[in-house]
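Trainee: Any chance you can model this:
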Amino acid sequence: MSQLSSTARGLLLLGAAGALSLPVAAQTARTPKYSNEFLNIGVGARALGMGKVQASLADNATAGYWNPAGLVNQTHKYDGVLMHSELFSGVVKNDYAAFSMPLDEKSSLGVSVLRLGVDDIADTRNLINEYGYIDYSKITLFSVADYALLVSYARKVARVEGLSVGGNAKVIYRNIGKFAQGYGFGLDAGVQYNYKGWNLGLVARDITTTFTQWTINADAYTEGINSTQAIAEDEIPTNSAEITLPRFVLGVGRRVELPKQFSALLAVDLETTTDGQRGTLISTKGVSVDPRAGLELGYKNLVFLRGGAGNFQEIQSFAANSSGGSDRSWKGQYSLGAGVAISGLRVDLALSRLAVEKLGSSSQTNSLIVSLGYGLK
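Mentor: Numbering: from 1, shown residues only. A predicted model of the protein is given here:
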């Protein structure tokens with residue numbers, strides 16, 4: 001049987017296994033919205049500057065995150081990326097590292113590590129002692145952090161030029177100080193097809209669903225609580241499991257050469273979630289679709305300017321209007337970016353602005369993203 005048929009059959013079997021396992025797993029675990037959402041924030045300043053539009057474009061070490069099929073399309077033999085971003089004015093730290101390399105002429109391997117965390121959170125449960133006095137020495141600090149390890153594999157389909165397939169195996173570790181921790185495992189799959197300047201991509205994340213098991217340390221949760229702060233037994237969290245349902249990203253991009261060595265790259269992604277109705281532009285009880293668009297202008301493949309828009313959400317204002325009711329409006333997330341590529345070294349910056357409804361008034365929070373990439377022939 002041809003390699004293409006074998007690959008297609010494998011993907012179909014993988015999807016079928018996920019579909020069959022979902023009803024059984026759902027009986028014993030929760031399927032909440034936004035499960036493991038830290039894995040959907042995005043990586044790489046180039047991608048984030050373009051509004052997270054990468055399903056059809058990813059072609060370096062970041063492809064392990066965006067679309068593993070793109071690993072075989074990287075222009076350098078070895079590629080590495082480091083990223084640091086600060087969200088919500090520096091409160092949340094988002095760090096990422098990735099490396100990719102070819103195994104042979106038709107296949108590639110990649111490894112990615114992510115961490116999203118808030119550090120030095122003050123635990124003030126024992127700030128007031130049993131006598132009613134404030135005791136600052138009782139304040140302790142803890143961190144809340146989410147980690148993920150992705151091992152990616154991609155392969156060119158020999159019988160179809162420009163077509164590649166890939167997959168991720170990912171391990172998740174989530175930690176809430178000494179109070180709770182969760183472990184999870186999941187699989188992703190991706191396809192890319194490049195034809196005469198057109199780039200097409202399809203990604204299926206958590207294709208077999210991702211299962212995360214939470215363990216609660218009840219002793220740590222109640223440790224040191226004095227009698228004035230007694231916690232009822234039913235208020236203490238218990239061990240539980242949650243399932244992350246699949247999401248699909250369909251992307252298309254087109255690069256156009258402009259006069260005087262300028263170029264333009266325009267791409268669109270449609271991200272479809274299956275965990276219930278969300279406040280997206282296209283929203284149903286079964287699925288929700290979030291469209292995104294990104295643009296990159298380049299000069300001599302040396303200097304780049306980028307922009308993107310997406311994550312459009314219908315937000316309800318809690319401030320009363322003149323008729324006594326509340327207003328609903330659409331807010332989007334917009335981004336700008338710039339980059340320089342010299343002798344394999346890539347330096348990218350991005351600024352993302354997220355609209356937030358706060359105490360009845362619309363505000364903006366800025367996130368600064370910096371990433372470094374290096375490709376070695």
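
Trainee: mind listing what the residue of the chain most remote from its centre touches?
Mentor: Distance to the chain centre peaks in the chain at residue 131, reaching 47.0 Å (criterion: C-alpha atoms, centre = their mean). With contact set as C-beta atoms under 8 Å, 6 or more residues apart in numbering, residue 131 has no partners. Backbone N, C-alpha and C define where each C-beta goes, glycine included.

Trainee: tell me which element it falls in.
Mentor: Here residue 131, judged by DSSP states H and E, is contained in no helix and no strand.

Trainee: In terms of pLDDT, where does it sit?
Mentor: Confidence at residue 131, expressed as pLDDT, is 80.

Trainee: got it, and residue 12?
Mentor: At residue 12, the model reports a pLDDT of 36.

Trainee: Which stretches in the stretch 1-150 of the chain count as helices?
Mentor: Per DSSP state H, counting those that start in this stretch, the stretch 1-150 of the chain carries helices over the ranges 3-26, 45-49, 63-66.

Trainee: And for the stretch 151-300 of the chain?
Mentor: Secondary structure of the stretch 151-300 of the chain by DSSP H, counting those that start in this stretch: the helices cover 218-222.

Trainee: For residue 237, see how far away the residue nearest the centre of the chain is.
Mentor: Per C-alpha atoms, centre = their mean, the C-alpha nearest to the average position across the chain is that of residue 40, at 1.9 Å. As defined by C-beta to C-beta, to the nearest Å, residue 40 lies at a distance of 24 Å from residue 237.

Trainee: for residue 295, same thing?
Mentor: 45 Å.

Trainee: go on, residue 31?
Mentor: Using C-beta to C-beta, residue 31 is found at 18 Å from residue 237.

Trainee: So for those two, which residue has more residues nearby?
Mentor: The residue with more neighbours, out of residue 31 and residue 237, is residue 31; 16 against 13, by other C-beta atoms under 10 Å.

Trainee: Run through the stretch 151-300 of the chain and note the low-pLDDT ranges.
Mentor: Applying pLDDT under 70 to the stretch 151-300 of the chain picks out residues 224-235.

Trainee: Okay, strands next: where are they in it?
Mentor: Listed in chain order, the strands of the stretch 151-300 of the chain (DSSP state E, counting those that start in this stretch) span 163-176, 180-195, 198-205, 210-216, 240-244, 247-258, 262-273, 282-283, 288-299.

Trainee: now do the stretch 1-150 of the chain
Mentor: 78-87, 92-102, 107-123, 140-156.

Trainee: how about TSV for those strands, with distance to residue 180 added?
Mentor: Output for the strands of the stretch 1-150 of the chain, formatted as TSV (distance: least, C-beta to C-beta, whole Å):
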stretch	distance to residue 180
strand 78-87	22
strand 92-102	18
strand 107-123	14
strand 140-156	9
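
Trainee: Dig out what residue 205 forms beta bridges with.
Mentor: Residues in a beta bridge with residue 205, per DSSP bridges, are residue 247.

Trainee: isn't it right next to residue 188, touching?
Mentor: Yes: with contact defined as C-beta atoms under 8 Å, residue 205 reaches residue 188; the gap is 4.8 Å.

Trainee: circling back: can you tell me which of the strands of the stretch 151-300 of the chain is nearest to residue 99?
Mentor: Smallest distance to residue 99 across these (C-beta to C-beta): 14.3 Å, for strand 163-176.

Trainee: who does that closest one pair up with?
Mentor: Strand 163-176 has its sheet partners listed here by DSSP bridges as strand 140-156 (antiparallel), strand 180-195 (antiparallel).

Trainee: can I get the CA coordinates of it in PDB?
Mentor: Output of strand 163-176 as PDB, limited to C-alpha atoms (Å, rounded to 0.1, in the frame of the first residue of the first chain):
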ATOM      1  CA  LEU A 163       2.400  17.700   1.300                       C
ATOM      2  CA  SER A 164       3.600  16.900   4.800                       C
ATOM      3  CA  VAL A 165       2.000  15.400   7.900                       C
ATOM      4  CA  GLY A 166       3.000  15.500  11.600                       C
ATOM      5  CA  GLY A 167       2.000  14.900  15.200                       C
ATOM      6  CA  ASN A 168       2.800  15.800  18.800                       C
ATOM      7  CA  ALA A 169       2.900  13.800  21.900                       C
ATOM      8  CA  LYS A 170       2.500  16.200  24.900                       C
ATOM      9  CA  VAL A 171       2.900  15.800  28.600                       C
ATOM     10  CA  ILE A 172       1.400  18.400  30.900                       C
ATOM     11  CA  TYR A 173       2.200  19.300  34.500                       C
ATOM     12  CA  ARG A 174       0.200  21.900  36.400                       C
ATOM     13  CA  ASN A 175       1.000  23.100  39.900                       C
ATOM     14  CA  ILE A 176      -0.700  25.200  42.400                       C
END
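
Trainee: Would you mind getting the angle between that strand and strand 240-244?
Mentor: Strand 163-176 runs at 150 degrees relative to strand 240-244, counting by axes from the mean of the first three to the mean of the last three C-alpha atoms, to 10 degrees.
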